[in-house]
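Asks: A predicted structure for the sequence below; I have some questions about it.
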Amino acid sequence: MKYFTKDHEWVRVDGDEAYVGITEYAAKELGDITYVELPREGSDLIVGDTLGVVESVKAASDVYSPISGTVIAVNKHAEDDPSIINQSPEEKGWLCKLDNIDLIEMDDLMDDKDYAKYLKEIAH
């Protein structure tokens, strides 16, 4: 199951680990992504920490961690070819993988339905 933030990050929990990235909405808003700065493996993040930067031809945008955890992997493919984030933002375009996550923090995030409703609200 995927969860979302109002800043358009997503998190998908897989056992004791979680994948984090930016949403399809964020990728579309940014346009063609040309550069991504990912966190260092081994770094500890708490909710709201900047975990990286995504740059496009339009803008640079900080990416914030939706949950706390320790970075155990970064997506080297996204680093080498940032356009993968535009092509598959919520699958192949993940940014980092965390462990030592706190599942209680998921309660503060939106599920698919709530996020879809939120997108409709901000579109007006």
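Replies: Received it, and whenever you're ready, just let me know what you need. Numbers count the residues shown, from 1 in each chain.
Asks: C-alpha from now on. contacts and neighbour counts both.
Replies: Will do.
Asks: Dead centre of the chain: give me the residue that sits there.
Replies: A centroid search over the chain (C-alpha atoms, centre = their mean) returns residue 21, at 2.2 Å, as the residue closest to the centre.
Asks: for that one, what are its contacts?
Replies: By C-alpha atoms under 8 Å, 6 or more residues apart in numbering, the contact set of residue 21 is 9, 10, 11, 89, 90, 93, 94, 95, 96.
Asks: hmm, try it at 6 Å
Replies: When contacts are counted by C-alpha atoms under 6 Å, 6 or more residues apart in numbering, residue 21 touches 9, 10, 94, 95.
Asks: So it versus residue 85, what's the distance?
Replies: 9 Å (C-alpha to C-alpha, to the nearest Å).
Asks: ok, back up a step: for the residue nearest to the centre of the chain, which non-adjacent residue is closest in space?
Replies: Nearest residue to residue 21, sequence neighbours excluded (C-alpha to C-alpha, 6 or more residues apart in numbering): residue 94, at 4.5 Å.
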